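Peer 1: Return atomic coordinates for the entry below.
(3 chains)
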Amino acid sequence: MYVAVKGGERAIDNAHAWLAEERRGDTAVAELTLPQIREQLKLAVNRVMAEGSLFDPDLAALAIKQARGDLIEAIFLIRAYRTTLPRLGTSLPVDTADMAVDRRISATFKDLPGGQVLGPTFDYTHRLLDFALAAEGEAPVAAKAPATLGPVPHVTAFLNRDGLIEDAPRDDTQPADLTRTPLELPADRPLRLQAITRGDEGFILSMAYSTQRGYGRTHAFVGELRIGRVAVEMEIPELGFAVEIGEVELTECETVNQFKGSKTEPPQFTRGYGLVFGQTERKAIAMSLVDRALRWKELGEDHIGAPAQDEEFVLYHCDNIQATGFLEHIKLPHYVDFQSELELVRRLRAEAMTMQEAAE
Amino acid sequence: MTQASETNAYNFAYLDEQTKRMIRRAILKGVAVPGYQVPFASREMPMPYGWGTGGVQVTAACLVPEDRLKVIDQGADDTTNAVSIRKFFQRTAGVAVTEATGEATVIQTRHRIPETPLTEGQILVYQVPIPEPLRFLEPRETETRKMHELEEYGLMHVKLYEDIARHGEIATSYAYPVKVEGRYVMDPSPIPKFDNPKLGDNAAIQLFGAGREQRIYAVPPYTQVVSLDFDDHPFVASKAPHDCDLCGAKGSYLDEVITDDAGSRMYVCSDTDFCTGRREAGHVGRLGVAMAGGVA
Amino acid sequence: MGAVELGICAKGNEQPLFQVDGLTKYYGTRVGCLDVSFDLFPGEVLGIVGESGSGKSTLLSCLAGHLRPDLGSVTYDGRDVLGMAETERRRLSRTEWAYVHQNPRDGLRMGVSAGGNVGERLMAIGARHYGTIRDTATDWLGRVEIAADRIDDRPSAFSGGMQQRLQIARNLVTGPRLVFMDEPTGGLDVSVQARLLDLLRGLVRDLGLSVIIVTHDLAVVRLLADRLMVMKGGRVVEQGLTDQVLDDPQHAYSQLLVSSVLQV
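Peer 2: Residues are numbered from 1 along each chain as shown, chains lettered A, B, ... in the order given. Below you'll find the model as predicted:
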């Protein structure tokens, strides 16, 4: 006699137990600690924080460990955790001009106030596998120099002084919050930037790359790329002034793009902007290119039908948690839908056969 | 408030009260404007988008500690995703659960409407993957919202026309579009069209949640829901031309099960609670056996 | 031309169907069209001619509601078109109005069969009988000289001339009163153009349509239009009965336009 499949619950429990065992791997090998992940897989931690929209290196390290190194899965864990956090308040906007920079470069000026600081970068390393790393006990030490203190002014501010770049005046309008209100289109720039900064690095990278290859070209120069820590301040109503509550590491990229002009306005450069948690410069540069491409309307440019110019396309498809969930849901049972399709195809085939026979 | 034993870290039914209030507002708006897709700020849930996050958020916003919850997927209480969601609410809300349709106060479903008629006071929560019935005719959200606003539904019928022109009948077998109270064209979620007639004039409140797409919509009790069709090609709620091989039911929706390498098949009710109930009441199908001690 | 006289006597005892007064559209500081006024009577065909950049396409877009003018008024059948809610205007544009695009791809659904294309407007206004919709579509395909057995083919399988005829059938199926046409013969071979013009003339006469047709081709208006407006630099430089304007142009620009055609 046929017995319908039961025991979904036990199957799930067993699967999860197996997963836990697999995650640990060979117990003869020492277990990874969270500080190890946080310190030695820092760029993975940064990506998880950036796309998880939560600045907490320890939690990100935990998520990476739990997700067995699957970063999208780790981002998902962080996002789900983030949902449950109460919102106590809102910080003041961070001031990136006051950033304690570890890295700061400009592709548009050879030298500038604050200097070019290469910082800890893969740039100019030769991509040769370093077998020395396979051996243990390595603790390299870099040369030290005293930190340059004081503000590091933005490159675009120099251009703006002469009116060479579009003005970006301070705007104190409260921006919409992507995590608190549904995304509705058309989206303004703050909302677009929110979506892109937590968007999938691979997707944003490909979109940016496509603009460079002519699908919505904006002729971008990296006006400035800076990485470092900024203070986060919060206004405390009881005190009546803002206090520093901590600091976050950020990567900021400002591009200087192709000039435009009109009958009424002389030509000037335009801007693209990227700001991402952690040292995540590939993402920040890509973000600024995509930001600039999406601004075609306000800048009076042509829509050439490029994907990166299409706000609805970019914003609705950049989130890897949405994308991966929907993609993978097709492995869930669909017996009911499939059954109804099965019957339909059988019926249509039967009708077609009858007609064929009648014709013969 | 009954708090789940193991996870006191989370609020009742996982979501914080602010979020629930926001979702309830969306639900109320949906109930007030039947069939209209209300945008809501969907939260990231601890299960993936596309796996019922919309339904879970709606259920979480509706649940009270006294509720008795039933969760089905493909009509069955014991499919893995149903088990997983039911467990989630047992853990985070500590509510009673049941497999009996008649005993449940809230039923979360994916792809089916239970066979047993629902009653007043019950809430049926649907998980919705793509809430927009016009999506595959027009990919742009900005444009489809305008089409709803202006009631421009000609294109929907063009699709049905094309089906008939090509296949001789409307070749949509699930997620079959409906018109609600003569106003909004609505996607009933991917239920088989066999279930469509149960949407209309139903005693229960029907709520639809699409998490990834950030939409909630509703069909209040006793609302008119009409499946789109042509006068000379009327809507037919079809199913496999068989009876259930276990309980002998003639009018229930069936799953087709392949039983051996030779491709033998049997047909069983997709609604497991309905089938069990009938067998317990002594009904026996072609391949079934009387349930031992089923009938007292 | 009988229609011309009809147009003239109509003015005596009939209300205009479509009235335009002081219509002006700027693009920034550049003039799109400036202070355009005219009346269109039922059954009348108005041709708007001028070279590219003369403002004729801008004017047509403003009239059909695709562009919002900066100044002026548009009245259809006693109703203020510019003041209408979008719902009402869109309803009008799928019932009593029709718009024939220069490029049939802009006016057709290329992924939908010919029958579906013709049937869409019927279904949009509530037709719910498949058989009737199909019969009507077949009838209209016949009227635009498309064989009935092509009804389930997609427009992408049609020639340019057939696509344009299909677009016309799709537009006329709901029996509109006012049709806007934007260079309907543009991009077609000369022999195909002639056949299309002949067809259009027959349809306009049989259905008593009011038409506003924009073209740079004087042969088109000579054949179709009762009255003519000549535009240059966004302004109307001359208007009158078609034969009058073409045979005895008063404005220097009209003279140039007519003579340049004659040279061809």
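
Peer 1: and the residue lying closest to A:H329 once chain neighbours are set aside, how many residues sit next to it?
Peer 2: Here the nearest residue to A:H329 in space, its sequence neighbours aside, is B:G50; by Cβ to Cβ, 6 or more residues apart in numbering or on different chains that works out to 3.2 Å. Using the backbone N, CA and C atoms, a C-beta is placed for each residue, glycine as well. B:G50: 24 surrounding residues under other Cβ atoms under 10 Å in any protein chain shown.

Peer 1: quick one, what contacts B:G50?
Peer 2: By Cβ atoms under 8 Å, 6 or more residues apart in numbering or on different chains, the contact list for B:G50 reads A:325-329, B:129, B:212.

Peer 1: what's the closest of those to chain C?
Peer 2: Checking the contacts of B:G50 against chain C with Cβ to the nearest Cβ, the nearest one is B:P129 at 23.3 Å.

Peer 1: how about the closest one, what does it touch?
Peer 2: A:326, A:329, B:50, B:189-190, B:210, B:212-213.

Peer 1: Surely the residue nearest to A:H329 forms part of a helix?
Peer 2: No. In this structure, B:G50 is coil, not part of a helix, as judged by DSSP: H, G, I helix; E, B strand; the rest coil.

Peer 1: measure it to B:F136 for me?
Peer 2: 17 Å (Cβ to Cβ, to the nearest Å).

Peer 1: got it, and A:L71?
Peer 2: Distance, A:L71 to B:F136, using Cβ to Cβ: 32 Å.

Peer 1: cool, C:A148 as well?
Peer 2: Distance, C:A148 to B:F136, by Cβ to Cβ: 29 Å.

Peer 1: now residue 266, what's its secondary structure?
Peer 2: I'll assume chain A. Taking three-state DSSP, the label given to A:P266 is coil.

Peer 1: that's the other chain; I wanted chain B
Peer 2: At B:M266 the chain is in strand, as set by three-state DSSP.

Peer 1: Give me the nearest residue to it, chain neighbours excluded.
Peer 2: Using Cβ to Cβ, 6+ apart, the closest residue to B:M266 is B:D245 (4.4 Å).

Peer 1: For that neighbour, give me its contacts.
Peer 2: Applying Cβ under 8 Å, 6+ apart to B:D245 gives the contacts A:2, B:266-268, B:285-288.

Peer 1: farthest-separated two in these?
Peer 2: Maximum pairwise distance among these (Cβ to Cβ): 11.5 Å, between B:Y267 and B:G288.

Peer 1: between these two, who's got more neighbours?
Peer 2: In terms of neighbours (other Cβ under 10 Å), B:Y267 is the more surrounded of B:Y267 and B:G288; the figures are 24 against 20.

Peer 1: bridging residues for that one?
Peer 2: Beta bridges link B:Y267 to B:E256, judged by DSSP bridges.

Peer 1: Settle this for me: it is touching B:Y253, isn't it.
Peer 2: No. Using Cβ atoms under 8 Å, B:Y267 makes no contact with B:Y253, being 10.0 Å away.

Peer 1: Between the two, which contacts overlap?
Peer 2: Common neighbours of B:Y267 and B:Y253 (Cβ under 8 Å, 6+ apart) do not exist.

Peer 1: which residue packs closest to the residue of the stretch 101-250 of chain B found nearest chain C, ignoring adjacent ones?
Peer 2: Chain C sits closest to B:G154 of the stretch 101-250 of chain B, with a gap of 2.8 Å, by Cβ to the nearest Cβ. Distances taken as Cβ to Cβ, 6+ apart put C:A124 closest to B:G154, at 2.8 Å, once the chain neighbours are dropped.

Peer 1: Correct me if wrong: the one you found contacts B:L150.
Peer 2: No. The pair C:A124 / B:L150 is not scored as a contact, 10.5 Å apart, by Cβ under 8 Å.

Peer 1: more crowded one of the two?
Peer 2: Ranked by neighbour count (other Cβ under 10 Å), C:A124 and B:L150 place C:A124 first, with 21 against 15.

Peer 1: Can you give me every residue that contacts that one?
Peer 2: C:A124 makes contact with B:152-155, B:157, C:94 under the criterion Cβ under 8 Å, 6+ apart.

Peer 1: ok, of these, which come out buried?
Peer 2: The neighbour count (16 or more other Cβ atoms under 10 Å in any protein chain shown) marks B:152-155, B:157, C:94 as buried among these.

Peer 1: which of the residues you listed sit farthest apart?
Peer 2: Across the buried ones among the contacts of C:A124 (Cβ to Cβ), the longest gap, 13.1 Å, separates B:H157 and C:R94.

Peer 1: so what pLDDT did the closest residue to B:D255 other than its chain neighbours get?
Peer 2: Using Cβ to Cβ, 6+ apart and skipping the chain neighbours, the partner closest in space to B:D255 is B:S270 (4.7 Å). Listed pLDDT for B:S270 reads 93.

Peer 1: could you list every residue that touches the residue lying closest to A:L92 once chain neighbours are set aside?
Peer 2: Nearest non-adjacent residue to A:L92, counting by Cβ to Cβ, 6+ apart: A:E233, 4.7 Å away. Going by Cβ under 8 Å, 6+ apart, A:E233 touches A:91-92, A:94, A:242-245.

Peer 1: beta partners of A:E233?
Peer 2: Bridge pairing for A:E233 - DSSP bridges - gives A:E244.

Peer 1: got a pLDDT number for it?
Peer 2: For A:E233, the model assigns a pLDDT of 96.

Peer 1: cool, and the one 3 residues further on?
Peer 2: In this model, A:I236 is scored at 88, pLDDT.

Peer 1: returning to that earlier point: show the buried residues in the contacts of A:E233.
Peer 2: Of these, these count as buried by 16+ other Cβ under 10 Å: A:V94.

Peer 1: what about B:D78, which SS state?
Peer 2: At B:D78 the chain is in coil, as set by three-state DSSP.

Peer 1: What ranges does the stretch 1-150 of chain A have for its strands?
Peer 2: Assigned by DSSP state E, counting those that start in this stretch, the strands in the stretch 1-150 of chain A fall at A:100-105.

Peer 1: what about the helices in it?
Peer 2: In the stretch 1-150 of chain A, the helices defined using DSSP state H, counting those that start in this stretch lie at A:8-24, A:34-40, A:42-52, A:57-66, A:71-83.

Peer 1: Minimum distance to C:V221: which of these has it?
Peer 2: Closest among these, using Cβ to Cβ: helix A:42-52, at 61.1 Å.

Peer 1: the more surrounded of A:L71 and B:F136?
Peer 2: Between A:L71 and B:F136, A:L71 has the larger neighbour count (other Cβ under 10 Å), namely 21 against 10.

Peer 1: All the strands of the stretch 1-150 of chain C, residue numbers only.
Peer 2: Ranges of strands within the stretch 1-150 of chain C are C:18-27, C:30-40, C:45-49, C:71-76, C:79-80, C:97-100, based on DSSP E, counting those that start in this stretch.

Peer 1: need the ones you listed in CSV with distance to A:E51, can you?
Peer 2: CSV is the format used below for the strands of the stretch 1-150 of chain C (distance: least, Cβ to Cβ, whole Å):
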stretch, distance to A:E51
strand C:18-27, 43
strand C:30-40, 46
strand C:45-49, 55
strand C:71-76, 51
strand C:79-80, 52
strand C:97-100, 46
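
Peer 1: Please identify the deepest-packed of those.
Peer 2: Of the strands of the stretch 1-150 of chain C, the one with the most neighbours on average (mean count of other Cβ atoms under 10 Å in any protein chain shown) is strand C:45-49, at a mean of 27.

Peer 1: then it to PDB, C-alphas only?
Peer 2: Extracted C-alpha coordinates of strand C:45-49, given in PDB (Å, rounded to 0.1, in the frame of the first residue of the first chain):
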ATOM      1  CA  VAL C  45      -9.100  66.200 -43.100                       C
ATOM      2  CA  LEU C  46      -6.500  68.700 -42.100                       C
ATOM      3  CA  GLY C  47      -3.000  68.400 -43.500                       C
ATOM      4  CA  ILE C  48      -0.100  70.000 -41.600                       C
ATOM      5  CA  VAL C  49       3.000  70.400 -43.800                       C
END
